[in-house]
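Pasted the sequence and its predicted model underneath.
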There are 2 protein chains.
Amino acid sequence: MTQLQRRRIPDAAVTRLPVYLQILNNLHATNVLRFSSDELAALAGVNAAKVRKDLSYLGSYGTRGVGYEVTYLIHQIKRELGLLREWNVVVVGAGNLGCALAKFGGFAPRGFPVVGIVDNDAKKIGQTTGALTIGDVRNLGKMVRDLNITIGAITTSTATAQSAVDSLIDAGVASILNFAPIVLATPSSVSVRNVDLGVELQILSYYEQMRTEQTDGAKLQNKSSAVSV
Amino acid sequence: MTQLQRRRIPDAAVTRLPVYLQILNNLHATNVLRFSSDELAALAGVNAAKVRKDLSYLGSYGTRGVGYEVTYLIHQIKRELGLLREWNVVVVGAGNLGCALAKFGGFAPRGFPVVGIVDNDAKKIGQTTGALTIGDVRNLGKMVRDLNITIGAITTSTATAQSAVDSLIDAGVASILNFAPIVLATPSSVSVRNVDLGVELQILSYYEQMRTEQTDGAKLQNKSSAVSV
DNA sequence: ATGGCTTCGTGCAGAATTTCACAAAGTTCA
DNA sequence: TGAACTTTGTGAAATTCTGCACGAAGCCAT
């Protein structure tokens, strides 16, 4: 079974490929035809060897002494990421964020059209947001089948996020983009990506505090415990 | 210089601590007094040994045979992440997202009050959004000093994101939350966290495609558009 | 007290990731 | 043609992260 499936790309590399793609699209837009791993590394803020290794997971598409062709590499990254086709998205939770995502047209051109939005609130069901009518979360199964939906975005309240994801999984959706600040319980066959601004801010806070303390060390240094190197 | 600074917590652990904190806050809200590493691990979807190791970076705050105290651990995580004080945030870019962040009151109670919002568009400057008046990006330096701002959120267009971050860094801000789909060029002394839904969707797409291909091995695939493979 | 039970803290090994360093393979120019 | 130069692709070392396994330490019942 495993030998049928394509050679797996390391998770860490998978998270970088979309970033490379972004940059290559920009290069393409400015009529750049070729690039070297050094150039892409500089633009992506990573090590050049890492760029080469990441790209090598796609195949040997570079030319030694020359570099890589922008359009060709764009195609190869898209192929590998599954971006040569569209993936339909349903938004679960028609609050501020959910409606904003439904109205925001920025995902369709990038291959992720939002084709449905649902809620569990009878007052919201039937209303329209953007081009979509808010559906009943209880019809999610039929919706997923009829509209060929593969990705679900959770934009409900924290309290209902778990039941929302349960509904999605029941409906056969195995890719979840979760905006609720909660760790969802899902089987390992389901992919979840969490977007939590609170978490991001707290991570920034940690490093900011590190810097602050280090600076304070000059004036006052009683904080440091007994760490040496 | 390095020996003065506190024992560093591994990056991977730093990204998990806010998740633990979230869970512990929920436990606290439901009057749970104590928890074991096994329980927290189940709720966070990680290995119990990892939880114990992560928490051990804070110090030895557990009791063998018993577990950890919820409120005490909350305090310790907050201390380590620098959440015992507030960090003021400025939003750069008063578009849809920027104004939404400024109006959204959810960050202030978690220690990240949005105290300012700026733009470079003369038509927007002077307007109000929520409780804030949109300022001129050229006054960012004064604003950062006067309002004691430490974190900047980039919500500009892609085209102006780099100049926005340059202004922030000039103004002395070293923690950036970037919503623009672009890799920002910053000195290594600056922390950047990127929030890019396109990237997240594309990562999901990769794993979705993996699953699809594996399943298709049995049937036959006519759906995929112009893929060779 | 003592034995049994639970759970933490951590050494260590293995896995994953990053980075180095260099041969291989191509280009350019005289 | 061939020498100088550029850049890829990739073994292998270095680093980071994960997870097991178990001793240490506390609780409880008898």
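The structure has been received and is ready for your questions.

Which helix or strand contains A:Lys50?
With secondary structure defined by DSSP states H and E, A:Lys50 is part of helix A:48-56.

So which elements touch that helix?
Using 3 or more C-beta pairs under 8 Å, 6 or more residues apart in numbering or on different chains; DSSP states H and E, the elements in contact with helix A:48-56 are helix A:11-29, helix A:37-44. (C-beta placed from N, C-alpha, C; glycine too.)

got the angle for the longest helix seen in chain A vs helix B:11-29?
In terms of residue count, the longest helix belonging to chain A (DSSP state H) is helix A:197-219. Put simply, helix A:197-219 runs at 120 degrees to helix B:11-29, going by axes from the mean of the first three to the mean of the last three C-alpha atoms, to 10 degrees.

where does chain A have low pLDDT?
For chain A, the stretches with pLDDT under 70 are A:1-7, A:215-229.

can you do 80?
Segments of chain A classed as low confidence (criterion: pLDDT under 80) are A:1-7, A:214-229.

What residues does it have near DNA strand C?
Where proximity means C-beta under 7 Å from any atom of the strand, the interface of chain A facing DNA strand C comprises A:10-13, A:46-47, A:49-50, A:52-53, A:63-66.

switch the cut-off to 10 Å
Where chain A comes near DNA strand C, counting by C-beta under 10 Å from any atom of the strand, the residues are A:8-16, A:37, A:41, A:46-54, A:60, A:62-67.

just the helices in chain A please.
A:11-29, A:37-44, A:48-56, A:70-81, A:96-103, A:140-147, A:158-170, A:197-219.

mind listing what's buried in the third one?
If you call a residue buried by 16 or more other C-beta atoms under 10 Å in any protein chain shown, then helix A:48-56 has these buried ones: A:51-52, A:54-55.

repeat for the last one
Within helix A:197-219, the residues scored as buried using 16+ other C-beta under 10 Å are A:197-211, A:213, A:217.

Adding mean neighbour count and distance to chain B, write the helices and strands packed on helix A:48-56 out as CSV.
Shown next, in CSV, are these (neighbours: other C-beta atoms under 10 Å in any protein chain shown; distance: least, C-beta to the nearest C-beta, whole Å):
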stretch, mean neighbour count, distance to chain B
helix A:11-29, 18, 4
helix A:37-44, 18, 5
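
Next, format the ones you listed as CSV and append distance to A:Arg138.
What follows is these, written out as CSV (distance: least, C-beta to C-beta, whole Å):
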stretch, distance to A:Arg138
helix A:11-29, 34
helix A:37-44, 44
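
Dump the ones you listed into JSON lines; add distance to DNA strand D as well.
Formatted as JSON lines, the entries for the helices and strands packed on helix A:48-56 read as follows, by distance: least, C-beta to the nearest atom of the strand, whole Å:
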{"stretch": "helix A:11-29", "distance to DNA strand D": "10"}
{"stretch": "helix A:37-44", "distance to DNA strand D": "4"}
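
closest one to B:Tyr72 among the ones you listed?
Proximity to B:Tyr72, assessed across those by C-beta to C-beta, is greatest for helix A:11-29 (34.2 Å).

so what's the nearest residue to A:Asn148 once chain neighbours are set aside bridging to?
Among residues not flanking A:Asn148 along the chain, A:Asn88 sits closest, at 5.6 Å (C-beta to C-beta, 6 or more residues apart in numbering or on different chains). For A:Asn88, the beta-bridge partners under DSSP bridges are A:Ile149.

Would you mind measuring from A:Asn88 to A:Met143?
A:Asn88 is 10 Å from A:Met143, where distance means C-beta to C-beta, to the nearest Å.

Mind listing the shared neighbours of these two?
A:116, A:149 (C-beta atoms under 8 Å, 6 or more residues apart in numbering or on different chains).

still on that earlier bit, in the buried residues of helix A:48-56, find the pair that's most separated.
Spatially, the most separated pair among those is A:Arg52 and A:Asp54, at 7.3 Å (C-beta to C-beta).

on that earlier part again, next, the residues that contact the helix holding A:Lys50 from outside, please.
Judged by C-beta under 8 Å, 6+ apart, the contacts made with helix A:48-56 from elsewhere in the structure are A:13, A:16-17, A:20, A:37-38, A:40-41, A:44, A:61-62, A:68, A:73.

Please apply the same query to stretch A:8-16.
By C-beta under 8 Å, 6+ apart, the residues outside stretch A:8-16 that reach it are A:17, A:44, A:46, A:50, A:53-54, A:57, A:80-81, B:199, B:203, B:206-207, B:210.

Who does the spatially most central residue of chain A form a beta bridge with?
Per C-alpha atoms, centre = their mean, the C-alpha nearest to the average position across chain A is that of A:Arg193, at 6.4 Å. Counting by DSSP bridges, A:Arg193 forms beta bridges with A:Leu177.

Roughly how far does it sit from DNA strand D?
Summarising the geometry, the distance separating A:Arg193 from DNA strand D, computed by C-beta to the nearest atom of the strand, to the nearest Å, is 16 Å.

Which neighbouring residues are in contact with that residue, exactly?
Shown in contact with A:Arg193 (C-beta under 8 Å, 6+ apart): A:176-178, B:200, B:203-204.

Please repeat the previous calculation with a cut-off of 7 Å.
Counting by C-beta atoms under 7 Å, 6 or more residues apart in numbering or on different chains, A:Arg193 touches A:177-178, B:200, B:203-204.

cool, and A:Asp38?
For A:Asp38, the contact set (C-beta under 7 Å, 6+ apart) comprises A:Ala48.

how does it look with 10 Å?
Counting by C-beta atoms under 10 Å, 6 or more residues apart in numbering or on different chains, A:Asp38 touches A:48, A:51-52, A:67.

Run a quick check on A:Asp191 versus A:Leu177, I expect a contact.
I think there's a mix-up here, since residue A:191 is Ser and not Asp. Yes: assessed by C-beta atoms under 10 Å, A:Ser191 is found in contact with A:Leu177 at 9.4 Å.

who touches both of these two?
A:151, B:203-204.

In JSON lines, list those residues along with distance to B:Lys103.
Conversion of these to JSON lines gives the following (distance: C-beta to C-beta, whole Å):
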{"residue": "A:Ile151", "distance to B:Lys103": "28"}
{"residue": "B:Ile203", "distance to B:Lys103": "29"}
{"residue": "B:Leu204", "distance to B:Lys103": "29"}
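
quick one, phi psi at the nearest residue to A:Leu83 once chain neighbours are set aside?
The shortest distance from A:Leu83 to any residue other than its chain neighbours is 5.3 Å, reached at A:Gly111 (C-beta to C-beta, 6+ apart). In this entry, A:Gly111 is assigned phi and psi values of phi 100, psi 10 (degrees, to the nearest 10).

Ok, A:Gly126 next?
Dihedral angles phi and psi of A:Gly126 (degrees, to the nearest 10) take the values phi 100, psi -30.

how does chain A divide into domains?
A:11-80, A:88-197 (automatic domain parsing).

Out of these, which one sits most buried?
A comparison of the domains of chain A by mean neighbour count, using mean count of other C-beta atoms under 10 Å in any protein chain shown, puts domain A:88-197 on top with a mean of 18.
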